[in-house]
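Visitor: this one's sequence-less:
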């Protein structure tokens, strides 16, 4: 055996095999903490309550009633529900349809999680790459999110109100009348 055979063999066979064995498989995908995304769709209350079977019935019934009302977010959420229930055949159908219809971040993320469960790390990485915020856009995305997400806006408003209350040394009950007359300069 010459000196190049073993390193070439290790580089071309052993290292990819070791890398493959270290990646999540269908049997251990959940232990890695991959998360599906649910959209705000009919059935969301059932999902939040943990009644996934009922949420699936709601979303499937909508798909049977009218194709035009069966939106991509609903399909991507249905994909997520099937993944959680380990029904990967139905999940694949729903995930592929969601990506085909919308190509949304939710659809790609959920299909990526499905691919992890199916033992397709390359496909999963490709889907997660399409779903994620690309590094060059992260700062802008965070600023846009701060302008649209009610919880982030409320958190910011809460901090401003707290700062004003501390500055004026007034309890919350009397803060409302103080805020009406406050200007931005009062908070600095």
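Guide: Done, it's in. Everything numeric in this text was worked out from a predicted model, so none of it was measured.
Visitor: Next, work out how far apart residue 128 and residue 101 are.
Guide: If you measure residue 128 against residue 101 using Cβ to Cβ, to the nearest Å, the figure is 19 Å. Just so you know, the C-beta spots here come from the backbone N, C-alpha and C atoms, and that holds for glycine as well.
Visitor: same check, this time on residue 82
Guide: 16 Å.
Visitor: So between the two, which is more surrounded?
Guide: Each of residue 82 and residue 101 has its neighbours counted (other Cβ atoms under 10 Å); residue 82 has more, 23 against 16.
Visitor: shouldn't residue 38 be in contact with residue 52?
Guide: No: no contact is recorded between residue 38 and residue 52 when judged using Cβ atoms under 8 Å, the distance being 10.0 Å.
Visitor: These two: which is more packed in?
Guide: When neighbours are counted by other Cβ under 10 Å, residue 38 comes out ahead of the other of residue 38 and residue 52, with 20 against 16.
Visitor: what about the more buried one, which SS state?
Guide: Secondary structure state of residue 38, per DSSP: H, G, I helix; E, B strand; the rest coil, is coil.
Visitor: Quick one: residues contacting the residue nearest to residue 83 when sequence neighbours are not counted.
Guide: Once flanking residues are discounted, residue 83 sits nearest to residue 91: 4.8 Å by Cβ to Cβ, 6 or more residues apart in numbering. Under the criterion of Cβ atoms under 8 Å, 6 or more residues apart in numbering, the neighbours of residue 91 are 79, 82-83, 114, 117.
Visitor: Check which helix or strand residue 112 maps to.
Guide: Residue 112 belongs to helix 105-117 when elements are defined using DSSP states H and E.
Visitor: The helix or strand following that helix packs against which elements?
Guide: Using DSSP H and E, the helix or strand that follows helix 105-117 towards the C-terminus is helix 121-131. Helices and strands in packing contact with helix 121-131 are listed as helix 105-117; criterion 3 or more Cβ pairs under 8 Å, 6 or more residues apart in numbering; DSSP states H and E.
Visitor: in the helix it packs on, what counts as buried?
Guide: Neighbour-count burial for helix 105-117 flags 106-117 (criterion: 16 or more other Cβ atoms under 10 Å).
Visitor: thought residue 84 was touching residue 35?
Guide: No: with contact defined as Cβ under 8 Å, residue 84 and residue 35 do not form a contacting pair (10.3 Å).
Visitor: for this protein, which helix is longest?
Guide: Ranked by residue count and defined by DSSP state H, the top helix of the chain is helix 150-168.
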